[in-house]
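Participant: Please work out how this folds:
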Amino acid sequence: MKDHMAPAALIMYAILAFWVIGGSVWLLRNRQYRLAQSGQFAMDLLGFPVELAQSIWGRGGVPYAFLLPNMALFGIFTFFPMILNLWVSFTGGESISLLNRPYVGGENYADIFSCEDYLIPKTCSNAGFTFWTGLYNSLWFVLFQVPVLCVVALITALVVNKSLAGRGFWRAMFFYPVMLSPVVIANIWHWILNRKGVLNQTLDSSAEAVTSLARMTGFDIVVTIILAVLLLITSERTLRAARDPSLLWAALFGALFALVFWWADPLQFALGTQTRYSGWLALIIVGALLWMVSEAHSLTRTAIFILSIVAVILLLSIQFDAVFAFEGFKPVNWLVQRNTGWPFFWLVFVFTWSHMGFYMLILLAGLQAIPSDLYEAAKMDAAKPMRVFFRITLPLVMPTLTVVIVLSLIRSFQVFDEVYLLTGGGPGRETFMIVQNIFETAFTGDNPKYGAAAAGSVLMALVIAVFTGFQLYLTRRQSEL
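Facilitator: Numbers count the residues shown, from 1 in each chain. Down below sits the predicted model:
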């Protein structure tokens with residue numbers, strides 16, 4: 001250990017000796033000190049590097065001189081590996097040593113682009129199949145993940161920015177998952193989502209409780225009561241307006257009515273068997289209702305009253321056992337259920353849950369930078385909350401939101417830990433991401449392909465750069481307008 005530390009120790013001692021001896025000589029040659037000014041001499045010696053930098057580069061060059069060590073370290077550990085990775089992408093062989101890797105030109109890139117149809121990875125070579133599959137899955141993940149993450153983070157920041165009881169506690173709770181390791185996060189959610197996990201146990205016990213209640217009553221009391229209350233609220237809100245009914249509340253009422261109509265399937269009484277036509281008939285009825293509301297028809301209120309009465313009658317006619325069979329609930333392995341979308345959904349959910357707190361804090365800082373005078377003026381003008389949000393909050397927080405979008409975009413492309421530990425890229429290749437392809441190409445199997453992995457990482461960096469540049473261009477253009 002001492003032999004390894006000797007060069008570093010010699011360098012540190014040399015720097016310290018230059019600082020003390022060289023600085024003392026330089027100060028004594030340029031200034032005169034008395035014995036009583038020994039304290040002043042010590043302070044000048046402490047600031048000797050700054051004075052030396054000013055004498056060499058001038059006052060304007062001092063900041064760059066102090067940034068030079070940091071930039072040197074940044075270049076060694078960031079730019080140099082990038083250049084090295086680019087060079088490795090043009091080499092072949094299995095050795096990790098650059099001296100033992102032959103130059104192969106663009107073969108690694110040609111192998112990735114060896115496809116009959118880039119939109120169909122099955123028509124590509126082995127390297128192309130894994131790369132394009134991972135890239136397309138990553139693009140879909142980014143397409144869903146980034147908007148969900150940004151919207152949830154913004155809504156959470158807006159909530160915790162208000163004067164709430166225990167506001168500091170809630171901020172800490174939302175940020176807490178950020179401090180957890182991805183391995184811990186993946187293990188927690190794997191414990192929840194596996195076949196014998198907490199989620200399936202909860203659903204199974206809930207199904208048994210609802211089934212027992214249904215057997216006692218003969219009707220699905222829970223669901224029918226909930227739907228009846230929701231229908232009552234939406235119909236009342238629709239008719240609350242002094243003149244014309246609200247189109248938004250009418251749409252919500254229509255959605256509930258269509259659900260009840262489809263569930264009860266009244267056409268089965270006329271045709272003698274269950275049909276699928278009740279759902280289409282419900283859509284026609286709701287469409288007619290919304291048209292009447294938008295046209296301010298004189299019979300709109302009467303139609304809403306009639307549909308409310310019909311919905312109540314249909315709810316009373318629904319027999320629980322004919323619709324649901326909760327006693328037949330079977331546990332679902334949410335992470336390996338193929339062709340259902342559940343593995344992808346849970347990856348988006350877990351990623352949002354674990355990273356949202358970080359972006360929430362960034363947006364919270366942006367919200368707190370908005371002058372309160374603007375909100376007071378809007379309150380005096382009796383501006384509605386949605387108008388305040390779209391006219392004041394969103395435009396002023398947009399620069400911060402742009403940073404959040406760019407950071408989340410890059411981070412979503414780099415997703416690996418949670419996916420690898422939760423699904424391993426499965427089921428099949430449904431959640432196989434581009435970073436996992438790079439990792440498996442380089443570090444798994446008996447034949448590591450560092451060149452192909454490096455080529456894939458270069459192409460991934462280009463895709464991220466294009467998406468980031470496009471996002472910045474759109475945001476800047478919108479801010480200029």
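Participant: For the longest helix seen in the chain, list every residue counted as buried.
Facilitator: Scanning the chain for the helix with the most residues, using DSSP state H, yields helix 126-160. For helix 126-160, a neighbour-count test (16 or more other C-beta atoms under 10 Å) marks 127-139, 141-142, 144-146, 148-150, 152-154, 156-158, 160 as buried. The C-beta positions use only the backbone N, C-alpha and C, and glycine is treated the same way.
Participant: Repeat that for stretch 85-92.
Facilitator: Judged by neighbour count using 16+ other C-beta under 10 Å, the buried positions of stretch 85-92 are 85, 88, 89, 90, 91, 92.
Participant: Need the residues you listed in CSV (columns: secondary structure, distance to residue 258 and pLDDT).
Facilitator: CSV is the format used below for these (DSSP: H, G, I helix; E, B strand; the rest coil; distance: C-beta to C-beta, whole Å; pLDDT from 0 to 100):
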residue, secondary structure, distance to residue 258, pLDDT
85, helix, 55, 91
88, helix, 59, 92
89, coil, 55, 92
90, coil, 60, 94
91, strand, 62, 92
92, coil, 61, 90
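Participant: for those residues, which one is nearest residue 389?
Facilitator: For the buried residues of stretch 85-92, the residue nearest residue 389 by C-beta to C-beta is residue 85; the value is 43.9 Å.
Participant: can you pull the contacts of that closest one?
Facilitator: Listed by C-beta atoms under 8 Å, 6 or more residues apart in numbering, the contact partners of residue 85 are 454, 457, 458.
Participant: Run through the helices of the stretch 151-300 of the chain in chain order.
Facilitator: For the stretch 151-300 of the chain, the helices defined by DSSP state H, counting those that start in this stretch cover 167-175, 182-193, 198-217, 221-239, 247-264, 267-271, 277-294, 300-317.
Participant: Out of the contacts of residue 85, which is nearest to residue 194?
Facilitator: residue 457 (32.0 Å).
Participant: what packs against the host helix or strand of the closest one?
Facilitator: Residue 457 is part of helix 450-480, with elements assigned from DSSP states H and E. When contacts are defined as 3 or more C-beta pairs under 8 Å, 6 or more residues apart in numbering; DSSP states H and E, helix 450-480 sits against helix 80-88, helix 107-112, helix 126-160, helix 394-413, helix 434-443.
Participant: Just send those back as TSV, with distance to residue 475 too.
Facilitator: Shown next, in TSV, are these (distance: least, C-beta to C-beta, whole Å):
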stretch	distance to residue 475
helix 80-88	26
helix 107-112	31
helix 126-160	12
helix 394-413	5
helix 434-443	25
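Participant: Quick one: closest of the ones you listed to residue 471.
Facilitator: Among the helices and strands packed on helix 450-480, helix 394-413 sits nearest to residue 471 (C-beta to C-beta), with 6.0 Å.
Participant: now what about the closest one, what contacts it?
Facilitator: With C-beta under 8 Å, 6+ apart, helix 394-413 has contacts from 138, 141-142, 145-146, 149-150, 153-154, 351, 355, 359, 362-363, 365-367, 369-370, 374, 434-435, 460, 463-464, 467-468, 471-472, 475, 478-479.
Participant: next structured bit after it?
Facilitator: Toward the C-terminus, helix 394-413 is succeeded by helix 417-422 as the next helix or strand (DSSP H and E).
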